[in-house]
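K.L.:
here's my sequence, what's the structure:
(2 chains)
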Protein chains: 2
Amino acid sequence: MNRAVLKFGGSSVSDFDKIRNIANTLKLRVDQGEQLIVVVSAMGKTTDQLMYNVSHLTHQPKDQEVALLLTTGEQQTISYLSMVLNDIGIRAKAMTGYQAGIKTVGHYLKSRIAEIDPSLFEEAFQQHDILVIAGFQGVNEYNELTTLGRGGSDTTAVALAASNGIPCEIYTDVAGVYATDPRLYEDAKRLSVVSYEEMMEMSALGAGVLETRSVELAKNYHIPLYLGKTLSNEKGTWIMPRTELLEKKAVTGVALDTHMVHITISYPKPSEQLYTALFKQLDEGSVNIDMISQIVNQEGLQMSFTIKDSDSQQITIFLQQLSEYFNALDYTINESYVKISLIGSGMRDMSGVASKAFSTLLAHDITFYQTTTSEISISYVIDAENGQRAVKALYEAFDIE
Amino acid sequence: MNRAVLKFGGSSVSDFDKIRNIANTLKLRVDQGEQLIVVVSAMGKTTDQLMYNVSHLTHQPKDQEVALLLTTGEQQTISYLSMVLNDIGIRAKAMTGYQAGIKTVGHYLKSRIAEIDPSLFEEAFQQHDILVIAGFQGVNEYNELTTLGRGGSDTTAVALAASNGIPCEIYTDVAGVYATDPRLYEDAKRLSVVSYEEMMEMSALGAGVLETRSVELAKNYHIPLYLGKTLSNEKGTWIMPRTELLEKKAVTGVALDTHMVHITISYPKPSEQLYTALFKQLDEGSVNIDMISQIVNQEGLQMSFTIKDSDSQQITIFLQQLSEYFNALDYTINESYVKISLIGSGMRDMSGVASKAFSTLLAHDITFYQTTTSEISISYVIDAENGQRAVKALYEAFDIE
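P.N.:
Take a look at the predicted model:
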């Protein structure tokens, strides 16, 4: 029996007509003999609405209750989709994260999938052709519901594919992966294939189609991953091992991360206590630091780092608390920077990418404040106002088309 | 440690201000050293809204998916209430029916509570002072979520009180139990105490404050039950064993059940096949028959029975299907009748109640079509248009004031 995991995000299931259309599309595949695991998110803006309600009740909700609340969104979607599927004659069964045996560990709102028992699915497929699973959620060792955090439904889908050893198709409003964001550069090309590694870099660097963790999971379990457009015949993008790619270009894509916040901390002298307090708090709040740099001179310690803007509120509270204890601490939170990155598997085999990028930015009068490189990417922190211009300049300089 | 179960229905938690006010009231009790189990329903019209959504998707939803969908309503309320409680410094924990170990049996949308493990609560009370439990729901032997049907949150509350051996307080928009519905008779008196038996009869006969099953459960486990008004200092009604009531009146209350449908079935001759098919279907659909009467004469079989109007749609489908198979079957569905009942524990010790009721109705030109009696009640089926007049006549004739 051919099996696959299909995942539909919130905007793909934002109204009942879309849910009905997706059900009809799924029926075509079941009619051709497939059995499907279908992962769905909460409908449209449901999660935002629930968080808006929370903001009316308290400014410091306990994560545990927020997770309990948010999981209702996907539970509603699976109920609706399964109803429609049954209505059109498909043997479908809806399962919450808990019912699907998705065990999680870690913070309530940023948990990770620890374990999925594939035998549950084997059993459910005896009686059903489509299993509709609530994405973004699971249950921890204390029997409490948790959510997986940003991009969580993708992770659910890939993890289910991995544990069942079947391919994973992720459907969104965008048909696949582009060499850069078409909203930033209208001639951007859609890639028909991309390597896991390139995709991970693109995700990590803000290309935003898929979270890094999902791609990494697919890579580790050798799961073929497809990104396509919901209810469309447009060809999407296959993500596959790098060795299977025939032609390697130096640069495959350009990513612009506008969701970053730049923090600068000043203190009269290096202090182990300060470091310990800061990193302990960041760790407890699951705040990831991206770029970090430090200068120590006669004026004291100056440290800069970048974080995701979703952690901005949390870090503001942290730094406030910290400065109450460390009186001499001074800090600034700057949201006016962006990070532009070049990604390409071929980069490791080809020299001159960094210098060409550098001179291209220079030629366009674009200052950069910080730079980092990985094996297959180079990133520059620049002023937000130069972002779109930098995308165009680099895209054309590296002849990505 | 003093403990109690408190239950707040949908209209008591219909907006965030009410939830916040309830939280503050609960805090007063915790501050006085109590530990509480708080059962809540879905907020306001949430359940209706969800059912409305379902009606857009399919006319024949599977019960299993409907139950899965509806349980999200209470899950949201417990999240919100627990958030607010934690916010004002109460150690509160939210638990879904599944997490609270509420095991159910029977139909997905009309399940019954089979078992609750009180040790779970004992453990949770070590760390928390308020446990906020989702009413109306549980989990069956297949690990599927079910709902308890009409009045289900009351049942949850009483069952939790029973399994923990503590009192149960049920809060609604109405302050306690009235001798008859104040909307029908404005001088209706509020009862300060009533026996379990009287309350059960009143519930069964449409007084509508509490479902019979909840009262019966309290009676069987000797759980003191209190009905009061949400966020009010008005005194409510205690429901207690009959033996503890000092003064017994012949008639304690008058109930008018307007939620009934009267069915008449005609068939040329008695038919075992017809009976079997009919009662099997009613049973499978969990449709309860209330009054039933039958005449067999030269013209054939004529059977009448009454059901709750909430089962009206279901029985219409049943009878349609039945008449396709039994061609000679004729049926009418009449919604223009109501049932008026007199209830009183003293009735069994005092004669003349039936004849006095009979002559009272007669004196007011009110025809009755069917009558049934139990040990502590007498009921008459009358025309709906005479309902309110009959309440007034009987209330005054029996000097309930």
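K.L.:
got phi/psi on A:His56?
P.N.:
The phi and psi torsions at A:His56 (degrees, to the nearest 10) take the values phi -80, psi -20.
K.L.:
B:Met43 versus that one, what's the distance?
P.N.:
13 Å (C-beta to C-beta, to the nearest Å). Glycine gets a C-beta too; all of them are placed from N, C-alpha and C.
K.L.:
of the two, who's got more company?
P.N.:
B:Met43 (24 against 13; other C-beta atoms under 10 Å in any protein chain shown).
K.L.:
mind listing what that one touches?
P.N.:
B:Met43 makes contacts with B:10, B:13-15, B:19, B:73, B:76-77, B:80, as judged by C-beta atoms under 8 Å, 6 or more residues apart in numbering or on different chains.
K.L.:
for A:Gln320, state which of these is nearest.
P.N.:
Distance to A:Gln320, by C-beta to C-beta, is smallest for B:Tyr80 among those, at 27.4 Å.
K.L.:
still on that earlier bit, can I get the contacts of B:Met43 in JSON lines with pLDDT and distance to B:Asn2?
P.N.:
Output for the contacts of B:Met43, formatted as JSON lines (pLDDT from 0 to 100; distance: C-beta to C-beta, whole Å):
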{"residue": "B:Gly10", "pLDDT": "90", "distance to B:Asn2": "27"}
{"residue": "B:Val13", "pLDDT": "95", "distance to B:Asn2": "24"}
{"residue": "B:Ser14", "pLDDT": "95", "distance to B:Asn2": "29"}
{"residue": "B:Asp15", "pLDDT": "95", "distance to B:Asn2": "30"}
{"residue": "B:Ile19", "pLDDT": "97", "distance to B:Asn2": "24"}
{"residue": "B:Gly73", "pLDDT": "96", "distance to B:Asn2": "30"}
{"residue": "B:Gln76", "pLDDT": "98", "distance to B:Asn2": "29"}
{"residue": "B:Thr77", "pLDDT": "98", "distance to B:Asn2": "25"}
{"residue": "B:Tyr80", "pLDDT": "98", "distance to B:Asn2": "26"}
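K.L.:
buried ones among the residues you listed?
P.N.:
B:10, B:13-14, B:19, B:73, B:76-77, B:80 (16 or more other C-beta atoms under 10 Å in any protein chain shown).
K.L.:
what residues does chain A put near chain B?
P.N.:
With the criterion set to C-beta under 8 Å from any C-beta of the partner chain, chain A comes near chain B through A:16, A:19-20, A:50, A:53-54, A:56-58, A:60-62, A:64-66, A:68-69, A:71-72, A:75-76, A:78-80, A:82-84, A:86-87, A:94, A:96, A:98-99, A:143-145.
K.L.:
return the subset of the residues you listed lying in helices.
P.N.:
Members of the residues of chain A next to chain B lying in helices (criterion: DSSP state H): A:16, A:19-20, A:50, A:53-54, A:56-57, A:64-66, A:68-69, A:71-72, A:75-76, A:78-80, A:82-84, A:86-87.
K.L.:
could you pick out the buried ones from these?
P.N.:
A:19-20, A:50, A:53-54, A:57, A:64-66, A:68-69, A:71-72, A:75-76, A:78-80, A:82-84, A:86-87.
K.L.:
figure out how far stretch A:23-41 is from the centre of its chain.
P.N.:
How far stretch A:23-41 lies from its chain's middle: 25 Å, per C-alpha atoms, centre = their mean, to the nearest Å.
K.L.:
again with stretch A:19-27
P.N.:
With C-alpha atoms, centre = their mean, you get 26 Å for stretch A:19-27.
K.L.:
reformat the buried ones among the contacts of B:Met43 as CSV; add distance to chain A.
P.N.:
As requested, the buried ones among the contacts of B:Met43 are exported to CSV (distance: C-beta to the nearest C-beta, whole Å):
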residue, distance to chain A
B:Gly10, 16
B:Val13, 12
B:Ser14, 13
B:Ile19, 7
B:Gly73, 8
B:Gln76, 5
B:Thr77, 10
B:Tyr80, 6
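K.L.:
sketch out the low-pLDDT regions of chain A for me.
P.N.:
Applying pLDDT under 70 to chain A flags residues A:206-208, A:243-248, A:349-351, A:401.
K.L.:
80 - rerun?
P.N.:
A:1, A:149-151, A:203-209, A:242-250, A:285-286, A:290-295, A:345-352, A:369-375, A:400-401 (pLDDT under 80).
K.L.:
quick one, helices of it?
P.N.:
Going by DSSP H, chain A shows helices at A:16-31, A:46-57, A:63-87, A:118-127, A:152-164, A:196-204, A:212-220, A:272-284, A:312-325, A:353-363, A:387-397.
K.L.:
state the number of residues packed around the residue of the stretch 251-400 of chain A found nearest chain B.
P.N.:
Residue nearest to chain B within the stretch 251-400 of chain A: A:Ile317 (15.8 Å; C-beta to the nearest C-beta). Using other C-beta under 10 Å, A:Ile317 is surrounded by 12 other residues.
K.L.:
could you do the one 10 residues further on as well?
P.N.:
For A:Asn327, the tally of surrounding residues (other C-beta under 10 Å) stands at 6.
K.L.:
show me what contacts the closest residue to A:Lys219 other than its chain neighbours?
P.N.:
With C-beta to C-beta, 6 or more residues apart in numbering or on different chains as the criterion, A:Lys219 has its nearest non-adjacent residue at 3.8 Å, and that residue is A:Tyr196. The contact partners of A:Tyr196, by C-beta under 8 Å, 6+ apart, come to A:215-216, A:218-219, A:225, A:239-242.
K.L.:
in ChimeraX, how would I select just the buried ones from those?
P.N.:
Those of the contacts of A:Tyr196 that count as buried under 16+ other C-beta under 10 Å are selected in ChimeraX with:
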select /A:215,216,218,219,225,239,240
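K.L.:
buried ones in stretch A:129-147?
P.N.:
Using 16+ other C-beta under 10 Å as the test for burial, stretch A:129-147 gives A:129-140, A:144-147.
K.L.:
could I get the buried ones among the contacts of B:Met43 as TSV with distance to B:Ala159?
P.N.:
Listed next are the buried ones among the contacts of B:Met43 as TSV, based on distance: C-beta to C-beta, whole Å:
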residue	distance to B:Ala159
B:Gly10	19
B:Val13	20
B:Ser14	24
B:Ile19	23
B:Gly73	19
B:Gln76	22
B:Thr77	18
B:Tyr80	23
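K.L.:
ok, and what's touching stretch A:20-34?
P.N.:
Contacts of stretch A:20-34 (C-beta under 8 Å, 6+ apart): A:1-4, A:6, A:8, A:12-13, A:36, A:38, A:81, A:84-85, A:87-90, A:129-130, A:230-231, B:57.
K.L.:
could you list which of those belong to strands?
P.N.:
Counted as lying in strands by DSSP state E, out of those, are A:2-4, A:6, A:8, A:36, A:38, A:130.
K.L.:
now, which of those sits nearest B:Ser111?
P.N.:
If you rank the ones in strands among the contacts of stretch A:20-34 by distance to B:Ser111 using C-beta to C-beta, A:Ile130 comes first, at 25.1 Å.
K.L.:
nearest residue to the closest one other than its sequence neighbours?
P.N.:
The shortest distance from A:Ile130 to any non-neighbouring residue, by C-beta to C-beta, 6+ apart, is to A:Ala92 (4.3 Å).
K.L.:
how long is stretch A:367-384 end to end?
P.N.:
Criterion C-alpha to C-alpha, to the nearest Å; first-to-last residue distance in stretch A:367-384 is 11 Å.
K.L.:
quick one: buried residues of it?
P.N.:
A:368, A:370-372, A:374, A:376-382.
K.L.:
do stretch A:177-197 as well
P.N.:
The neighbour-count check on stretch A:177-197 (16+ other C-beta under 10 Å) flags A:177-181, A:184-185, A:188, A:190-191, A:193-197 as buried.
K.L.:
what is the nearest of the residues you listed to A:Ile166?
P.N.:
Among the buried residues of stretch A:177-197, and counting by C-beta to C-beta, the member closest to A:Ile166 is A:Tyr196, at 17.1 Å.
K.L.:
any idea how far that closest one lies from A:Ser153?
P.N.:
Separation of A:Tyr196 from A:Ser153 (C-beta to C-beta) stands at 19 Å.
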